[in-house]
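K.L.:
any chance you could fold what I've pasted below:
(one chain, ligands or ions: 1)
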Amino acid sequence: LRLGVLASGRGSNLQSIMDACRQGAIPAEVVVVISDKATALALERARAAGIAAHFVDIKSFPDKAAYEQVIVDILKEHRVQLVCLAGYMRLVGPTLLKAYHNQIMNIHPALLPSFPGRHGQLDALNYGVKISGCTVHFVDEGMDTGPIILQAAVPVLDDDTEDTLAARILEQEHRLYPQAIKLFAEGRLQLQGRRVMIKKASA
Ligand code: GRF
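P.N.:
You can find the predicted model right below:
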């Protein structure tokens with residue numbers, strides 16, 4: 001399965017996906033990484049791995065549709081079959097959603113539908129929940145609202161700070177995202193309305 005990854009920052013999830021692919025843990029390959037931030041570490045990680053890396057500057061386009069069309073062009077050029085958002089800090093618009101219908105995943109650092117948005121870990125901590133975690137979901141037009149594929153839970157501890165909780169969640173993210181991609185690559189994800197059914201592995 002040919003993967004395209006969109007990332008705005010550090011790229012630790014990108015790294016875990018590239019590593020899982022290279023180790024043969026998932027039948028997939030990251031063929032291109034695109035970032036809306038020129039300085040994103042994610043781009044460096046891609047280049048270090050010999051993977052095509054593109055910075056697309058939204059400021060050089062008249063609107064979001066034109067910006068996303070260029071991203072779609074790059075993805076298509078690399079024959080990408082699944083788009084993985086990994087710390088991509090923008091809402092996906094209709095141009096990208098139409099080009100990759102039900103073929104875009106995201107990872108969010110909270111147990112959705114609780115605590116969507118940019119500060120999932122801190123919002124969970126401040127709310128006072130005792131369990132948080134991460135969610136891999138298909139992307140729709142909303143903010144972190146698409147059909148849930150996999151979730152993993154972690155405890156919230158009394159002495160947690162945003163950083164310690166985020167680190168505990170991140171460990172699970174690095175495990176969960178490759179797992180979700182593997183299920184997709186194996187053709188085992190089936191959408192029924194909002195529900196994502198996971199078919200048994202064929203023997
Ligand atoms: C992760 O916590 C992810 O859940 C969220 O943004 C962060 C990205 O981290 N969407 P990284 O760039 O993958 O290290």
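K.L.:
how close does the closest residue to the ligand within the chain sit to Gly193?
P.N.:
Residue nearest to the ligand within the chain (C-beta to the nearest ligand atom): Gly87, separated by 2.7 Å. For glycine as for every other residue, the C-beta is placed from the backbone atoms N, C-alpha and C. From Gly87 across to Gly193, the span is 28 Å (C-beta to C-beta, to the nearest Å).
K.L.:
more neighbours: which of these two?
P.N.:
Set Gly87 next to Gly193 and count neighbours by other C-beta atoms under 10 Å: Gly87 wins out with 23 against 6.
K.L.:
so Val136 sits in a helix?
P.N.:
No. Counting by DSSP: H, G, I helix; E, B strand; the rest coil, Val136 falls outside a helix, being strand.
K.L.:
just checking, it touches Pro109?
P.N.:
No. Shown here, Val136 and Pro109 do not form a contact pair, counting by C-beta atoms under 8 Å, at 11.0 Å.
K.L.:
for the chain, what lies in contact range of the ligand?
P.N.:
7, 9-14, 86-87, 107-109, 170, 173 (C-beta under 6 Å from any ligand atom).
K.L.:
show the buried residues in those.
P.N.:
7, 9, 11-14, 86-87, 107-109, 170, 173 (16 or more other C-beta atoms under 10 Å).
K.L.:
now, the most widely separated pair of those residues?
P.N.:
Greatest spacing in those, by C-beta to C-beta: Gly11 and His108 (16.3 Å).
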